[in-house]
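Chemist: My questions are about this predicted structure, shown below with the sequence.
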Amino acid sequence: MIVFEGVSKFYGEVLGVNRVNLQIAPGITSLVGPNGSGKTTLMNLMTGLLKPTRGRIRVLGISPNDPEALFQKLGYCSQFDSFPRGATAREFIEFYLRVHGYTRAETAELAHQALERVSLTEAADRKVSAFSKGMRQRVRLAQSIAHNPSVLVLDEPLNGLDPMARAEIIRLFRQLADAGMYLIISSHILHEVDMMSDSVVLLHNGYVVAEGEVHGVRDEIDEHPIQILIRCDRPQALAARLFEHEHTVEARIHDDRQGLFVKTRRPDDFYLLLNKVITELNLQVESVGPVDDDLNAVYQYLITSDGGQTR
Amino acid sequence: MAVYENLYRAYEGESHTAWSRFLVIPRYAVRDVFKSKLFTTIFILCFIYPLIAAILVYLHHNTNALALLQINVRELLPIDNTFFRTFIQVQGGFAFILAVLVAPPLISRDLSNNALPLYLCRPLSRTEYVLGKMAAVAFLLSLVTWVPGLLIFAFQASLSGIGWLLANLWMVWAIFLGSMVWIILLSLIALAVSALVKWRVVASGAMLGLFFVPSAFGEIVNELFLTRSGHLISLWETMNSIWLGLFGLFERQTGRITGKVTTPIYDNEFVDIVLLEPPLWASWLVIALVCAVCIWLLARKVRAYEVIK
């Protein structure tokens, strides 16, 4: 486990993060929040690049103050293209392995394994400057996993990638997580985080506003109405029947008049009711699904609603 | 919580080269600088004076060669403390040129690439990082200063015999310490400039400015006030005093002005001024202070993340 106990970090009088209590399990955990919310601060605290003003951090039982032990277990992938001019992918990875303290033979072996893991063996001896963004990201990733860490900290790893490259990188993350790694990812691209994360930590202004599994977080917000879209042939009739029941907070017909948006505070009861109404009205239903059961809705609700602040 | 099959095994062995880990940085840096043809050419030129010095030592002990060249041994420069002090001074000049060429991009490149977090996410401290960068400069400068200096000393000792060696053994320390003080000063200034300035050309210019502008200003002070105290703000003169001190050649009084003088300070006044160089301890203090300021700057700038307030 990665554990934060009452961790605060202040830059002088400026708040970085405050009173963070977290327990991060294996798998992909995403730190989500807008710029300045404390994502990078939290990552830097975990990697020992920053010292907490208060509190205690343990990464697999190791204090970040013990770099010798910590960095055998932890890998860090920066969001920046930190490639030296003229370096090849292999040279870049080997250099940092050498700085890590590995012998020449170990370095060659580990670099080769890492390049293989990110499917870059063929391009390994080409200059990174000629690589696409996706390939560069894979080089950065290879650098961070080359020493076989158990915890991988990735700062905005999907920034600037095209959809193909994103899908490729996400698949790689999934493989690593399935192999038992801890992947801590910071992002503000909510829908991607939603797709790949096992759990999320939502940050705002240095505070953790919610944490847990994406759907678990959503469930906790029982006061926040969920919006469901029902694509059907007679949305007006459906709306009229649904308004007879207290589960419906709001209903709005889709612009194409082939669907109905319904807001409800009790989705489980609402779905039971909907089945009944569809049968009664003999509606032709194309699809039923939540519109905003994604992180974006949860996030927006938590950071903009006064009631949602869990400070 | 999900159940994972833990296939991922972290390396759990000992690190083989923990104490010398930082030396990877200079190894790669030195390899990189020799990719530049300009640097390699200048580096080779740095050995011309040591070659001349070695030939001079050889001639002092080879009567056949002297006869062939029709040179009297008394016409040659004597191989003494002045000879070695001059050697260190000349090679110190070359060391300065090498430092200007090599050092400016060392840290600035990492800062502009945002590579510091990558370095520091290893079992490598900020001190070790700076030491590694400094070692790259120190290694190259050593090759043109105390290493050839001691080789020539050893050459002279081997030709002159044990008597000369015992009488001049103290010079080993003078050659080494004199060179090392200059190397440390140059490395620290160059790295501090490199940490402050991201552009290589500007960094090189700043370094030249730091050495030449105060020297010129110091000379103006000396001329205006009829003093030698202006030498304290010239790193060249300060270092020269230290070298003179180490080789037993330092003299405080370097001149005397007697008579009527006209400067912006003195208006056709009669003066009798003994020109005294600043004391040696003051020169050491200046060098120590400059080094301390550079270390302070490096401590402030070499961080994984810059906190912008």
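Modeler: Yes, it's here.

Chemist: C-alpha only now, for contacts and for neighbours.
Modeler: Will do.

Chemist: Compute the number of surrounding residues for B:E219.
Modeler: Neighbour count of B:E219, defined by other Cα atoms under 10 Å in any protein chain shown: 19.

Chemist: Excluding chain neighbours, what is closest to it?
Modeler: Using Cα to Cα, 6 or more residues apart in numbering or on different chains and skipping the chain neighbours, the partner closest in space to B:E219 is B:G230 (6.1 Å).

Chemist: show me what contacts that neighbour?
Modeler: Residues near B:G230 by Cα atoms under 8 Å, 6 or more residues apart in numbering or on different chains: B:F217, B:G218, B:E219, B:I220, B:V221, B:N222.

Chemist: any low-confidence regions in the stretch 1-150 of chain B?
Modeler: For the stretch 1-150 of chain B, applying pLDDT under 70 flags the ranges B:1-18.

Chemist: Repeat the analysis, applying 80 as the threshold.
Modeler: Low-confidence segments of the stretch 1-150 of chain B, defined by pLDDT under 80, are located at B:1-21, B:69-76.

Chemist: repeat for the stretch 1-150 of chain A
Modeler: A:12-14, A:34-35, A:79, A:81-82, A:84-85.

Chemist: Just the contacts of B:G230: which are in helices?
Modeler: Of the positions in those, B:F217, B:G218, B:E219, B:I220, B:V221, B:N222 sit in helices, assigned by DSSP state H.

Chemist: Just name the closest of these to chain A, please.
Modeler: Closest approach to chain A among these (Cα to the nearest Cα): B:F217, at 38.8 Å.

Chemist: what residues are up against the closest one?
Modeler: Here B:F217 is in contact with B:G230, B:I233 (Cα under 8 Å, 6+ apart).

Chemist: at 10 Å what do you get?
Modeler: Listed by Cα atoms under 10 Å, 6 or more residues apart in numbering or on different chains, the contact partners of B:F217 are B:E223, B:G230, B:H231, B:I233, B:S234.

Chemist: Name the SS class of the closest residue to chain B within the stretch 151-300 of chain A, please.
Modeler: In the stretch 151-300 of chain A, the residue that lies nearest chain B is A:G180 (4.4 Å; Cα to the nearest Cα). Three-state call for A:G180 (DSSP: H, G, I helix; E, B strand; the rest coil): coil.

Chemist: Read off the pLDDT value for it.
Modeler: A:G180 carries a pLDDT value of 84.

Chemist: where does it fall, phi/psi-wise?
Modeler: phi 100, psi 10 (degrees, to the nearest 10).

Chemist: okay, now it: neighbour count?
Modeler: For A:G180, using other Cα under 10 Å, the count is 22.

Chemist: Wait, it touches A:N148, no?
Modeler: No - if you go by Cα atoms under 10 Å, A:G180 and A:N148 don't touch, sitting 11.8 Å apart.

Chemist: which residues does B:A203 contact?
Modeler: By Cα under 10 Å, 6+ apart, the contact set of B:A203 is B:100-101, B:103-105, B:108, B:190-197, B:209.

Chemist: got the contact list for residue 182?
Modeler: Chain wasn't specified; assuming chain A. So A:Y182 contacts A:1-2, A:24-29, A:60, A:74, A:149-153, A:173, A:176 (Cα under 10 Å, 6+ apart).

Chemist: Actually, chain B is the one I wanted.
Modeler: B:88-89, B:92-93, B:95-96, B:138, B:141, B:145, B:188, B:235-236, B:239-240, B:242-243, B:287.

Chemist: in what helix or strand does it lie?
Modeler: According to DSSP states H and E, B:W182 maps onto helix B:170-196.

Chemist: Phi, psi for the residue nearest to B:E219 please.
Modeler: Residue torsions, per degrees, to the nearest 10, at B:G230 are phi -60, psi -20.

Chemist: picking that back up, just the buried members of the contacts of B:W182?
Modeler: Among the contacts of B:W182, the ones that count as buried by 16 or more other Cα atoms under 10 Å in any protein chain shown are B:88-89, B:92, B:95-96, B:138, B:141, B:145, B:188, B:235-236, B:239-240, B:242-243, B:287.

Chemist: Closest one to chain A out of those, please.
Modeler: For these, the nearest to chain A is B:A138 (19.1 Å; Cα to the nearest Cα).

Chemist: Just confirm the closest one is within a helix.
Modeler: Yes - looking at B:A138 with three-state DSSP, it is inside a helix.

Chemist: if you skip the residues just before and after it, what's nearest to it?
Modeler: B:I183 (6.0 Å).

Chemist: for that neighbour, what are its contacts?
Modeler: Residues near B:I183 by Cα under 10 Å, 6+ apart: B:92, B:95-96, B:99, B:134, B:137-142, B:145-146, B:177, B:189.

Chemist: Closest to A:L229 out of those?
Modeler: Sorting the contacts of B:I183 by distance to A:L229 puts B:M134 at the head of the list, at 64.2 Å, by Cα to Cα.
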